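# Got a predicted structure plus its sequence, pasted below:
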Amino acid sequence: MKNTRRTFTIGFKILAASMSIHCGRVSDVAKELNISKNTLQHWKRLYQDGRFNIKKTSAEVSHINELVKLRKRIKELEIERDILKKAQNIFSRIDG
């Protein structure tokens, strides 16, 4: 039988670490969550040091980059629109 390594989300790790700080002993919380005491102590140390990093996937990074490009494009289009409005006002005064 293969041993499969369990993976936990950042949210779960933060929740477990905060539970161990606020709700009792590390061993009790680890037993309740069915994780090892050493793992929970490590998470608790990371949590207290503020070193939990949320890693962004390549898809998230590409979405962020696209969002930045789109926002830049929106600003450019708004500037162009404002210029056209001003030109329209100028030409309407000349014709009228």
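Received it, and whenever you're ready, just let me know what you need.

# Need the phi and psi values for residue 36.
phi -80, psi 150 (degrees, to the nearest 10).

# Around it, count how many other residues there are.
For residue 36, the neighbour count with other Cβ atoms under 10 Å is 11. All C-beta atoms are positioned from the backbone trio N, CA, C, and that covers glycine.

# per-residue confidence for it?
pLDDT for residue 36: 93.

# What's the separation between it and residue 3?
As judged by Cβ to Cβ, to the nearest Å, residue 36 and residue 3 stand 14 Å apart.

# go on, residue 76?
Residue 76 is 55 Å from residue 3, by Cβ to Cβ.

# The two: who's more crowded?
A count of neighbours by other Cβ under 10 Å puts residue 76 above the other of residue 76 and residue 3, at 10 against 5.

# and the longest helix anywhere in the chain, which residues are buried?
For the chain, the longest helix by residue count, based on DSSP state H, is helix 58-95. The neighbour-count check on helix 58-95 (16 or more other Cβ atoms under 10 Å) flags nothing as buried.

# Identify the residues contacting residue 2.
By Cβ atoms under 8 Å, 6 or more residues apart in numbering, the contact set of residue 2 is empty.
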